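[1] Dropping the sequence and predicted coords here.
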Amino acid sequence: MMMKISLKSNISQIKSQYAKMLSQTNIEKLQSDIISDLKKEGLQEINASVGADDYKDSDPVSVIERDNAIGIQGSQAIYDEYGTGTMGENTPHPEKDMASIPLNDYNSGKTIRKNKNGETEASKQGIPVNGLYWTYKREGEKIYTQGRPAGMHVYKAKMKIKSHMKNIIKKRVGELLSNR
């Protein structure tokens with residue numbers, strides 16, 4: 001599974017705005033430089049976010065960089081990005097409803113259980129009374145979990161790119177025009 005941000009669509013605006021002033025070669029270099037700068041900003045954010053998100057109940061995800069896209073991949077990438085269970089519900093991803101694949105509501109699977117009293121193994125494992133949880137096995141050990149918070153790695157990168165885009169474009173267009 002892969003979560004990614006496409007950077008190329010934002011460049012079409014620049015092309016149409018400055019096409020008359022620039023040669024095709026310059027436009028292609030401008031596009032390449034802007035995408036490179038935007039990828040750098042996004043990758044910094046994803047790497048910082050993934051590196052800080054050492055969550056015990058998740059297999060690691062890897063950061064990817066392909067052509068005009070950056071993101072994360074791995075068997076748990078979708079869960080790392082959007083979160084699961086009570087923990088995900090407490091830190092909901094702002095774009096969960098817009099995901100490219102349909103996602104279930106938090107705490108909605110048939111394996112979800114409720115800790116109805118304080119004398120269960122779930123309580124001994126830190127699940128609060130009336131807390132929702134599920135279990136799975138890892139290396140033969142039964143793991144109790146209330147899910148994982150939404151890591152929002154790709155979302156955070158997208159927001160960082162969005163906040164820096166205008167300045168990067170201004171900088172790169174300015175450099176190009178000053179070198180004419």
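    All right, it came through fine.

[2] after the lowest-mean-pLDDT helix or strand in the chain comes which helix or strand?
    Here the helix or strand of the chain ranked lowest by mean pLDDT, DSSP states H and E is helix 11-18, holding a mean of 65. Beyond helix 11-18 on the C-terminal side, the first helix or strand identified by DSSP states H and E is helix 24-52.

[3] What separation do you get for the residue nearest the centre of the chain and Lys170?
    Computing the C-alpha centroid of the chain and ranking residues by Cα atoms, centre = their mean puts Val154 first, at 2.2 Å. According to Cβ to Cβ, to the nearest Å, Val154 stands 25 Å off from Lys170. Where C-beta positions appear, they are placed from N, C-alpha and C, glycine not excepted.

[4] mind listing what's buried in the top strand by length along the chain?
    Using DSSP state E, we find that the single longest strand of the chain is strand 132-138. Buried residues in strand 132-138, counting neighbours by 16 or more other Cβ atoms under 10 Å, are found at 132-134.

[5] quick one: contacts of the helix or strand following it?
    Scanning forward in sequence from strand 132-138 by DSSP H and E, the next helix or strand is strand 141-145. Contacts to strand 141-145, defined as Cβ atoms under 8 Å, 6 or more residues apart in numbering, come from residues 57, 85, 121-122, 125-127, 133-137.

[6] do the same with stretch 103-117
    78, 82-86, 88-89, 92, 96, 122-123, 127-135, 147.

[7] pLDDT on it, on average?
    Regarding stretch 103-117, the rounded mean pLDDT is 85.

[8] gap between the two ends of it?
    One end of stretch 103-117 to the other measures 30 Å (Cα to Cα, to the nearest Å).

[9] now that stretch, how far from the chain's geometric center?
    On the basis of Cα atoms, centre = their mean, to the nearest Å, stretch 103-117 sits 24 Å off its chain's mean C-alpha point.

[10] Can you give me the buried ones in that stretch?
    103, 106-107, 115.

[11] Export those residues to TSV and append columns for distance to Ser178.
    Formatted as TSV, those follow (distance: Cβ to Cβ, whole Å):
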residue	distance to Ser178
Leu103	47
Tyr106	51
Asn107	56
Asn115	65
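
[12] any weak-confidence spans in the chain?
    Applying pLDDT under 70 to the chain flags the ranges 1-3, 5-22, 24-25, 51-59, 180.

[13] quick one, domains of it?
    1-83+151-180, 97-149 (automatic domain parsing).

[14] With that, I have no additional questions.
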